[in-house]
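J.: Sequence first, then the predicted structure:
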Amino acid sequence: MSLLSVRDLITEFESPSGTARAVDGVSFDVKPGEIFGIVGESGCGKSATCRSILRLFGGASARIANGRITLEGAGDLAQMRERDLAQVRGRDVAFIFQDPLSALNPTMRIGKQIGEVIRRHRKASRAEARAAALQLLRDVHVTSPERRLDAYPHELSGGLRQRVVIAMALALRPRLIIADEPTTALDVTVQDQILRLLKERCDSLGTSIILVTHDLGVVSQICDRMAVMYAGRVVETGAVRDVLDAPSHPYTRALLAALPGQVSRDSQLIPIKGAPPSLIDPPAGCRFAPRCTFAQPQCTIGTAPGLHPRPAAAEGHFDACILNEVSHAAA
Amino acid sequence: MPLLDFQKVERRFPVKRSFGDLLANRKQIYLHAVRGVDLAVHQGEILGIVGESGCGKSTLARIGIGLQPSDGGQVLFDGRPLEGPDREGRLQMVFQDPYSSLNPRMTIGAQLEEVVARYRPQMPRADRQVEVQRILAEVSLVPETALKFPHALSGGQRQRVSIGRALCADPQMLIADEPVSALDASVQAQIINLLKGLNRDKGLTIVFISHDMNVVRYLCDRVAVMYLGEIVELQECASLFAAPRHPYTQALIEAVPDVRRPQSLREPITGEIPDPFAVLPGCRFAPRCPLAEAACQAPQPMQPLDTGGLARCWKTARLLA
């Protein structure tokens, strides 16, 4: 049974030059207690996908044009009225943004901000909320938490701020946390600490996480399953070790081949030629085909291919390359 | 003789004092961004400078190119003290954000020609366009790029233009400050290959500043690790990654996420880079160091390593024994 099930999600953004389908037919499931990674490069639709779940578009003229977003016990979030969705936010599903400074109110002390999240959703006195905030800061290993309660966000370092944001996200014990590039703005030693913290807290509370990142290394560190996105579509999905150790879609393979950590100094890195397509007028067929070294004429016709099990793959490992399908049929 | 030689370079930034501070005659506070850096960059090498935000790596780069003066020590370029940016353009810089470092209202060709005209005045006007085309080809851009404006290019193309513009001055050395940090992985690889090629084919000396250990490991010949304004370790690239000796370098390498492995069970180092205003007499990493003890409070000189490198930790010699 899935905690969250996203089916055929289409999200469109209006722009002066036309309607861009940032998310075009995305489906995935998140199981209870698992960490699900969504990776891809800028503009692939990974952020738009996770923002669609809570309809957090930040003023952009975006709309969910199609699809179901079923949260266990709460129904279809895509059809839900804004007023009801506001109850789901924070209580059932919390969101962690990349930049902790813009996620915090600069004029409010830390303790009060965390307390406010609690008081927004359940009855608690100010003192109770403050005590709960203190415990939350302890849970996320903030040093000298009593003192931090009365600090303002600007007085904290980047890592501490992100811990505070995580404390706020955990405040109502949500069943799912959506974290959009939570460590991208942090230094690598602090990133390591924050990733460990997220995993530890979610393991002990049984919370699921959707972790959105451009960094395949981060996914490899803490995720259980993952989806690779390209130009608004999921091109490969499966258990993290299956996808990263035996990638089957040409895009995933190309992405790994471009990473400098993967090759010896004497061999050349292999960049992906060209640039991602326009989402206003995407090419026919597979969207990666124009950049793909394996592309065949049949790759560039018809609708974008969907996910299918890859040949001889581990269970739950799917990709969207029709050439893999063909070789499967031949075998 | 090193091509670029930092000798005991210091840089302090005065912290702005409020009117109240002036009235109370409070002492001027300084942020000590670079402390006594000794570093020699040799002809033909790619030297990496790594460290986390606020470690002083970008300030050191700006001093090295002559964009900022140092408050103490000196920088020698080709044996002569560097006073401001080199007039012959032999030292060039590439910045992290190619969009803000290009002129949005000039075509790429015009911007590049301007640099050729500035640094190679002996070249006849008619030859400049040919030279610009040669340089565009060198950074793998199509000839039509010369007619475009920066906004019409992708991030990777813009960074190629930035590198091309640096090459227009026919430099001996390039200082690149986080040149691939703003780029997606697939594009990043193009720029890394380009820099590696320029070093290999033209013998261009490159100082490569980055926070990304994977990129540095792939690209650089030698690596200097900075922490709070000081170089804490300097080694050949291969031995730095095979046998990091300073506890900070070890922590930095350990913390890099690896796509081939899930998270290790090892405890990460705690804390963050401390307040840069704090005056620490001894090792500046000691407050976060798992191996710290009382003797770390004494000033730490660089210690020679068996690998031929240097590390600013008195324990390194003992850790080996």
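T.: Perfect, I can see it now. Numbering: from 1, shown residues only, chains lettered A, B, ... in the order given.

J.: The helix ranked longest in chain A near chain B anywhere?
T.: In chain A, assigned by DSSP state H, the helix with the most residues is helix A:188-205. Yes: Helix A:188-205 lies within reach of chain B by CB under 8 Å from any CB of the partner chain, at A:Val188, A:Thr189, A:Val190, A:Gln191, A:Asp192, A:Gln193, A:Leu195, A:Arg196, A:Lys199. Using the backbone N, CA and C atoms, a C-beta is placed for each residue, glycine as well.

J.: between those residues, which is nearest B:Gln159?
T.: Proximity of those to B:Gln159 (CB to CB) peaks at A:Val188, which lies at 22.1 Å.

J.: Would you mind measuring from the closest residue to the closest one other than its chain neighbours to B:Asn25?
T.: Distances taken as CB to CB, 6 or more residues apart in numbering or on different chains place B:Ala255 nearest to A:Val188, at 4.7 Å, with adjacent residues excluded. Counting by CB to CB, to the nearest Å, the gap from B:Ala255 to B:Asn25 is 44 Å.

J.: and if you look at B:Lys16?
T.: From B:Lys16 to B:Asn25 the distance is 16 Å (CB to CB).

J.: What of B:Ile273?
T.: For B:Ile273 relative to B:Asn25 (CB to CB), the value is 31 Å.

J.: Looking at those two, which one has more neighbours?
T.: B:Ile273 (22 against 6; other CB atoms under 10 Å in any protein chain shown).

J.: Following the longest helix of chain A in sequence, what is the next regular element?
T.: strand A:208-213 (DSSP states H and E).

J.: got the contact list for the helix or strand following that following strand?
T.: Of the helices and strands lying after strand A:208-213 in sequence (DSSP H and E), the nearest is helix A:216-222. The contact list for helix A:216-222 (CB atoms under 8 Å, 6 or more residues apart in numbering or on different chains) reads A:35, A:37, A:39, A:183, A:191, A:195-196, A:198-199, A:211, A:213, A:226, A:240, A:244, A:255-256, A:259, A:261, B:185, B:214, B:256-263.

J.: and whichever helix or strand comes after helix A:216-222 with strand A:208-213, angle?
T.: Per DSSP H and E, the first helix or strand lying C-terminal to helix A:216-222 is strand A:225-230. Interaxial angle of strand A:225-230 relative to strand A:208-213 (axes from the mean of the first three to the mean of the last three CA atoms, to 10 degrees): 30 degrees.

J.: got the angle for the longest helix of chain A vs strand A:208-213?
T.: Using the same axes, to 10 degrees, helix A:188-205 lies at 160 degrees relative to strand A:208-213.

J.: Output the contacting helices and strands for helix A:188-205.
T.: strand A:35-39, helix A:158-170, strand A:176-180, strand A:208-213, helix A:216-222, helix B:247-255 (3 or more CB pairs under 8 Å, 6 or more residues apart in numbering or on different chains; DSSP states H and E).

J.: before we move on, the earlier item: which of the residues of helix A:188-205 next to chain B sits closest to B:Met302?
T.: Nearest to B:Met302 among the residues of helix A:188-205 next to chain B, counting by CB to CB, is A:Thr189 at 22.1 Å.

J.: Can you name the residues that contact the closest one?
T.: For A:Thr189, counting by CB under 8 Å, 6+ apart, the contacting residues are B:Glu52, B:Ala251, B:Leu252, B:Ala255, B:Pro268, B:Ile269, B:Glu272.

J.: Any chance of TSV for those, columns distance to A:Phe13, neighbour count and pLDDT?
T.: Conversion of the contacts of A:Thr189 to TSV gives the following (distance: CB to CB, whole Å; neighbours: other CB atoms under 10 Å in any protein chain shown; pLDDT from 0 to 100):
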residue	distance to A:Phe13	neighbour count	pLDDT
B:Glu52	35	20	87
B:Ala251	41	21	92
B:Leu252	39	25	92
B:Ala255	36	21	90
B:Pro268	38	18	75
B:Ile269	41	21	79
B:Glu272	36	20	75
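
J.: Just the closest of these to A:His141, please.
T.: B:Pro268 (11.2 Å).

J.: Would you double-check that the closest one falls in a strand?
T.: No: B:Pro268 is assigned coil when assessed by DSSP: H, G, I helix; E, B strand; the rest coil, not a strand.

J.: And for it, nearest residue in space, chain neighbours not counted?
T.: Once flanking residues are discounted, B:Pro268 sits nearest to A:Asp192: 4.6 Å by CB to CB, 6+ apart.

J.: Outline the domain layout of chain A.
T.: For chain A, the structural domains run A:4-223, A:228-330, going by automatic domain parsing.

J.: Least reliable of those by average pLDDT, please.
T.: Among the domains of chain A, domain A:228-330 has the lowest mean pLDDT, at a mean of 89.

J.: ok, that one near chain B or not?
T.: Yes: interface with chain B: domain A:228-330 contributes A:240-241, A:244-245, A:254-256, A:258-263, A:265, A:268-272, A:275 (CB under 8 Å from any CB).
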